[in-house]
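**Student:** Give me a 3D structure for the following:
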Amino acid sequence: MKKSLLALSVLAAFAGVAHAQSSVTIYGVVDMAIQHESGASKNGATTALDSGEQSGSRLGFKGTEDLGGGLKAIFDLEMGINADNGTSSQGGLAFGRQAWVGLAGAFGSVTMGRQYAPIFIATDTIDPWDAGFNSTGGGPQAGVGTSTGGLLGMFGTPFRTNNTVNYTTNDLSGFTGSAAYSFGEVAGDNSASRQIGLSGTYAAGPIVGTVAYHKANDAAGFAKKILFVGGIYDFTVAKLHAAYGKTTTDLNTVDTKAWMLGTTVPFGAATFIATYTHVKDNTKANENKGDQYAIGGTYALSKRTNFYTNYAYTKNDANSNAGNLAYAPGVNDKLVNFGIRHKF
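**Tutor:** As a prediction, the model looks like this:
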């Protein structure tokens, strides 16, 4: 009887240790905004209550398990939510934002599944409208820069890739790098629908600099190639943001260049944001430029809850549709919103 009690005590102790070495976190974002837009529909202006204007509304489950020797198993399952009507975003996928598992250790991390492209994380890091990472967990905020479309929208940056193996280094004296390979899974042709992503970021002191590249093949093997270069300098009283992007295709169906200058200025619990973005569509011989002027800000009610507001005006030449915000080339787009975001 004593031996049985001792065995049960030892088993309970080991169970407690195993439980302490594993963790699962439930996290999420609920983001809602009232906004008014003209130029997005040929039928006239629209006033709407929309979800995810600063950061995509979501519910996620992430966890780690200590495997010993500094090695950990990691995973993240994250679903997108349209909080205005309760439906799933990302085309109705169950875990459309993220769904991956991997290992992390002294070598860095290797993850496999549906996940953010390296160029997305690089762009999101520089974007004044959506800079940084969700402090409650779950990776990048993955918003679309409130009503501006942000760098992600204006530069045409891909968000996520399926069937992806991604390697990311640990912090190496301020430098981190990522390399991703997405299987096309086309029988008899390994290059068809394949995607490759690379990025390198340096962040130390007041400087953040990043370079990223993404190549996505179509079903016939023809590639779309995207280059992104960006940086931030923190003057303490304000941050200066700058970015350049270029997108081309093997078939010359896409050839765009874009650049952005912006600033973020803190005022206690508030942050003022302003950007100017220029986009040129080189597939058109003339009247091919678009310019966006955006201004706005956020106000933190707490570490998890904030108000935000933004006004953006996108002016297009006759053959331009910068960020595809307008319903047709040559149409100007105006959008103003006011929203609230809560992270948990």
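
**Student:** in the stretch 201-344 of the chain, which ranges drop under the pLDDT threshold?
**Tutor:** Applying pLDDT under 70 to the stretch 201-344 of the chain picks out no residues at all.

**Student:** Could you check how far Ile196 is from Ser182?
**Tutor:** For Ile196, the distance to Ser182 (C-beta to C-beta, to the nearest Å) stands at 7 Å. Backbone N, C-alpha and C define where each C-beta goes, glycine included.

**Student:** and those two? which has more neighbours close in?
**Tutor:** More crowded of Ile196 and Ser182, by other C-beta atoms under 10 Å: Ser182, with 23 against 19.

**Student:** Pairing partners for the spatially closest residue to that one that is not a sequence neighbour in the sheet, please.
**Tutor:** Using C-beta to C-beta, 6 or more residues apart in numbering and skipping the chain neighbours, the partner closest in space to Ser182 is Gln195 (3.8 Å). Beta bridges link Gln195 to Ser182, Ala216 when assigned by DSSP bridges.

**Student:** Please verify my assumption that Gln195 contacts Asp218.
**Tutor:** No: assessed by C-beta atoms under 8 Å, Gln195 is found out of contact with Asp218, at 10.4 Å.

**Student:** which other residues reach the strand or helix carrying Ala48?
**Tutor:** Counting by DSSP states H and E, the element that carries Ala48 is strand 46-51. Strand 46-51 is contacted by residues 31-38, 40, 57, 81-85, 89, 337 when judged by C-beta atoms under 8 Å, 6 or more residues apart in numbering.

**Student:** Just the buried subset of those residues, written out for PyMOL, thanks.
**Tutor:** Buried residues among the contacts of strand 46-51 (16 or more other C-beta atoms under 10 Å), as a PyMOL selection:
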select buried, resi 31+32+33+35+37+40+57+81+82+83+89+337
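
**Student:** returning to what we had before: can you pick out the residue with more neighbours from Gln195 and Asp218?
**Tutor:** Neighbour count, other C-beta under 10 Å: between Gln195 and Asp218, Gln195 has more, with 21 against 15.

**Student:** Can you check the pLDDT for the more buried one?
**Tutor:** Gln195 carries a pLDDT score of 98 in this model.

**Student:** and it, what does it touch?
**Tutor:** 117, 161, 164, 180-182, 184, 214-217.

**Student:** Kindly reformat those residues as JSON lines containing distance to Phe272.
**Tutor:** Below are the contacts of Gln195 laid out as JSON lines (distance: C-beta to C-beta, whole Å):
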{"residue": "Ala117", "distance to Phe272": "30"}
{"residue": "Thr161", "distance to Phe272": "34"}
{"residue": "Thr164", "distance to Phe272": "37"}
{"residue": "Ala180", "distance to Phe272": "35"}
{"residue": "Tyr181", "distance to Phe272": "40"}
{"residue": "Ser182", "distance to Phe272": "38"}
{"residue": "Gly184", "distance to Phe272": "44"}
{"residue": "His214", "distance to Phe272": "31"}
{"residue": "Lys215", "distance to Phe272": "37"}
{"residue": "Ala216", "distance to Phe272": "36"}
{"residue": "Asn217", "distance to Phe272": "42"}
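
**Student:** got the angle for the longest strand anywhere in the chain vs strand 46-51?
**Tutor:** Longest strand in the chain by number of residues (criterion: DSSP state E): strand 22-38. Strand 22-38 and strand 46-51 meet at an angle of 180 degrees, taking axes from the mean of the first three to the mean of the last three C-alpha atoms, to 10 degrees as the criterion.

**Student:** follow-up on the earlier one: the strand holding Ala48 pairs with which strands?
**Tutor:** Taking DSSP bridges as the criterion, strand 46-51 forms sheet pairs with strand 22-38 (antiparallel).

**Student:** between the contacts of Gln195, which is nearest Met260?
**Tutor:** Using C-beta to C-beta, His214 is the member of those that sits closest to Met260, with 17.7 Å.

**Student:** what about the closest one, distance to Gly188?
**Tutor:** For His214, the distance to Gly188 (C-beta to C-beta) stands at 25 Å.

**Student:** Give me the more crowded residue out of the two.
**Tutor:** Counted by other C-beta under 10 Å, His214 and Gly188 do not tie: His214 has more neighbours, with 27 against 5.

**Student:** residues making contact with whichever strand or helix holds that one?
**Tutor:** Using DSSP H and E, His214 falls within strand 207-217. Contact with strand 207-217 is made by 117-119, 122-123, 125-126, 157-158, 184, 191-203, 223-234, as judged by C-beta under 8 Å, 6+ apart.

**Student:** Can you name every helix or strand that the helix or strand immediately after that strand in the chain contacts?
**Tutor:** The helix or strand immediately downstream of strand 207-217 is strand 223-234, counting by DSSP H and E. Helices and strands touching strand 223-234, by 3 or more C-beta pairs under 8 Å, 6 or more residues apart in numbering; DSSP states H and E, are helix 118-126, strand 207-217, strand 239-249.

**Student:** So for the second one, what gets flagged as buried?
**Tutor:** Neighbour-count burial for strand 207-217, with 16+ other C-beta under 10 Å as criterion, is recorded at 208-214, 216-217.
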